[in-house]
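Undergrad: this one's structure only:
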C-alpha cells in the first residue's frame, strides 16, 4: 500500500477528497499530508444548496493525531462557493470543524486528556501543543456543549458560592441536584450574579423548578424571589448551613465561658475541647467519650448550648409541616430562654427565615451535591495553581462539571 493510500484510509477520506502527497521529515519528527479534491459540486454551509466551486481559500494547516510519535499536519485549500442568498462562503471539510486548528479526531483526544489531567498545562505537555491551543480547545468545547444543551426541566437546584481567589472574590454556582451537574456560573455573589440564571430559564423550566436549596444569604434570597413566580415559596434553606450556624454559636459560648473561667478562677478545663462540642452525639470519637461525659457533668454553659444544638437536629426528621412547626416553637423558646447570647442570636436568625427552614419537611433537599461539586472545583483550581482570569475559571467549571456534550462531530 502506498503512503497516500495509507493516509486515505487512516483519515477516512471519501470522494471527492483524497491524499495527494505525503512528506516525512525525520529530523523534525513531522509528517505533512496534503489533501486535494476532484471535480464536484459543493453545498453552501448556510443553506445546503449545491453550487460549483467559485475559488479557493489560502492553504490551511490542521494538527492531526501523531503517526508513530511523529507530529502529523494536514494541508488543504478549502473551496469556496458563491451562494446567491448568502454570498461567498467557505465549504465545510469532513475532517475538522470551521475555524478549528485541529482535526476532529485530534480535538477529541485533547478533550480526553484535559479531562484526565484536569489542567491545561499538563495536557499541553503530553500532546506537544501550546497553552493557547489547549485552552482554545477547552473554550470551544464548552461553547459547543452549551449550544447543544437542551432546555430540559430541572426539579431542584442548589445555589452556593465558590471562592475564586483571596480577598472575598467569589463565583456563584448553580447545580442540578438530581444530575449533579453545574447549570450556571456567575461572577460575584450578589443578587445580580444569580439573576441571569433565572432570566435564562424558559417558562416551562420556571414552572418545573419546585425548590431552590441555598444558605441564608440575602442577595440569593432576593434574586430567587424576583426571578421566579412565587419564588419566596420555593426557597429551602440548606440544613447543613443551618446546623453550621448553630454549631458556630455553640463555639461562641465555649469561647466566652473559657475566657470567664480563666479570668475568675484560673480554671482551664475547656482548654483543647473545641472540637468535642462541635461533634454530634453519634459521631463523637469513642476515645473521647469518657472525657466528654466528665465535661457534661460539670454543668457548664457550653454543655447547655451543645444540648440545644443537638435537639435542633430532630427538626430534620419531620415530614409534616405542622409537626415541624410545633417542634421548632418549643425549641425556639428553649434557645431564647437559655440566657446564652450566641444561641439567642442564632435562634433569632432561624426565626426570621423560618418558612425556608421548615420547607425542608416538604422537599427534603440540601446543598450536599453543591458541596461535592465545590470540592471537585477546588481540586481543579488547586491543580491549576489558581486562575488569574475569572472567565477561564468559569470555563474550567463548565468543562469539568457541566455535564456537557463537548466533542466535535
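TA: That came through, no problem. Quick caveat: nothing in here was measured; it's all calculated off a predicted structure.
Undergrad: going forward, measure contacts and count neighbours with C-alpha atoms only.
TA: Fine.
Undergrad: What residues of the worst-scoring helix or strand of the chain on mean pLDDT count as buried?
TA: Lowest mean confidence among the helices and strands of the chain (mean pLDDT, DSSP states H and E): helix 3-11, at a mean of 84. Buried residues in helix 3-11, counted by 16 or more other C-alpha atoms under 10 Å: 4, 7, 8, 11.
Undergrad: what's the spacing between the closest residue to residue 69 other than its chain neighbours and residue 125?
TA: Residue nearest to residue 69 in three dimensions, not counting chain neighbours: residue 29, with 7.7 Å by C-alpha to C-alpha, 6 or more residues apart in numbering. Separation of residue 29 from residue 125 (C-alpha to C-alpha, to the nearest Å) stands at 16 Å.
Undergrad: same thing with residue 284?
TA: On the measure of C-alpha to C-alpha, residue 284 and residue 125 end up 47 Å apart.
Undergrad: neighbour count winner among those two?
TA: Neighbour count, other C-alpha atoms under 10 Å: between residue 284 and residue 125, residue 284 has more, with 15 against 12.
Undergrad: Among the buried residues of helix 3-11, give me the pair with the biggest separation.
TA: Spanning the widest gap among the buried residues of helix 3-11 are 4 and 11, at 10.4 Å by C-alpha to C-alpha.
Undergrad: host element of residue 329?
TA: Residue 329 belongs to helix 321-337 when assigned by DSSP states H and E.
Undergrad: Who are the packing partners of that helix?
TA: helix 301-312, helix 341-352, helix 354-358, helix 360-363 (3 or more C-alpha pairs under 8 Å, 6 or more residues apart in numbering; DSSP states H and E).
Undergrad: Tell me the buried residues in the shortest one?
TA: I take that to be helix 360-363. Under the neighbour-count criterion of 16+ other C-alpha under 10 Å, helix 360-363 has 360, 361, 363 buried.
Undergrad: helix or strand right after that helix?
TA: With DSSP H and E, the next secondary element past helix 360-363 is helix 368-383.
Undergrad: Would you mind pulling the contact partners of that following helix?
TA: Here helix 368-383 makes contact (C-alpha atoms under 8 Å, 6 or more residues apart in numbering) with 118-119, 158-160, 162, 174-175, 177, 180-182, 387, 393, 396-397, 401.
Undergrad: for the very next helix or strand once past that helix, the distance to its chain's centre please.
TA: As assigned by DSSP H and E, the chain's next helix or strand after helix 368-383 is helix 390-401. Relative to its chain's centre, helix 390-401 lies at 7 Å (C-alpha atoms, centre = their mean, to the nearest Å).
Undergrad: Which elements pack onto helix 390-401?
TA: With contacts taken as 3+ C-alpha pairs under 8 Å, 6+ apart, helix 390-401 sits against helix 131-148, strand 181-187, helix 368-383.
Undergrad: what do you get if the cut-off is 10 Å, keeping everything else the same?
TA: Secondary-structure packing of helix 390-401 (3 or more C-alpha pairs under 10 Å, 6 or more residues apart in numbering; DSSP states H and E): helix 104-117, helix 131-148, strand 156-165, strand 169-176, strand 181-187, helix 368-383.
Undergrad: how about that helix: buried residues?
TA: When neighbours are counted by 16+ other C-alpha under 10 Å, the buried residues of helix 390-401 are found to be 390, 393, 394, 395, 396, 397, 398, 399, 400, 401.
Undergrad: Take these and write them to a markdown table, including distance to residue 264.
TA: Listed next are the buried residues of helix 390-401 as a markdown table, based on distance: C-alpha to C-alpha, whole Å:
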| residue | distance to residue 264 |
| --- | --- |
| 390 | 51 |
| 393 | 52 |
| 394 | 53 |
| 395 | 56 |
| 396 | 55 |
| 397 | 53 |
| 398 | 56 |
| 399 | 58 |
| 400 | 56 |
| 401 | 54 |
